[in-house]
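1. Structure for this input, please:
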Amino acid sequence: MMPLQKPNEQNSTVQWCSVPSNRTDIPQPQLDTWVRLLEPESFNPFCHHEALLLCQISNWEWIAWIPDHGEAVININQFCLEHSVG
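-> Numbering: from 1, shown residues only. Here you go, the predicted model:
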């Protein structure tokens, strides 16, 4: 298992899975939110493509639960947020 490299905090921003029409409401990760993993195979070739955020441990890392994998530390560069309509 390769250790995660600490990214430059200024360049680490939360990504959108798709660009919403209203860009003024910048999403931030929240506890108990499902996010889409950008490369789920990097955790496990058989794991789910989404993860549930459990606990923020730094400005760029979260502890998450990934179905068919278990708990993992994920970097904000490894997932994106869905925007809600409404």
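2. what's near enough to touch Glu41?
-> Residues near Glu41 by C-beta atoms under 8 Å, 6 or more residues apart in numbering: Cys47. In short, each C-beta sits where N, CA and C put it, glycine included.
3. That one belongs to a helix, doesn't it?
-> Yes: counting by DSSP: H, G, I helix; E, B strand; the rest coil, Glu41 is found in a helix.
4. any idea how far it lies from Cys80?
-> 16 Å (C-beta to C-beta, to the nearest Å).
5. try Thr13
-> 11 Å.
6. Between these two, point out the one with more neighbours.
-> Cys80 (17 against 11; other C-beta atoms under 10 Å).
7. In terms of helices and strands, where is that one?
-> Using DSSP states H and E, Cys80 sits in strand 79-81.
8. So which elements touch that strand?
-> Under the contact definition 3 or more C-beta pairs under 8 Å, 6 or more residues apart in numbering; DSSP states H and E, strand 79-81 sits against strand 15-16, strand 34-37.
9. just these: most buried one?
-> Mean neighbour count (mean count of other C-beta atoms under 10 Å) peaks for strand 34-37 among the helices and strands packed on strand 79-81, with a mean of 18.
10. pLDDT (mean, whole number) over that one?
-> Regarding strand 34-37, the rounded mean pLDDT is 94.
11. counting contacts, what elements does the next helix or strand after that strand pack onto?
-> For strand 34-37, the succeeding helix or strand toward the C-terminus, using DSSP H and E, is strand 50-56. When contacts are defined as 3+ C-beta pairs under 8 Å, 6+ apart, strand 50-56 sits against strand 34-37, strand 61-66, strand 70-75.
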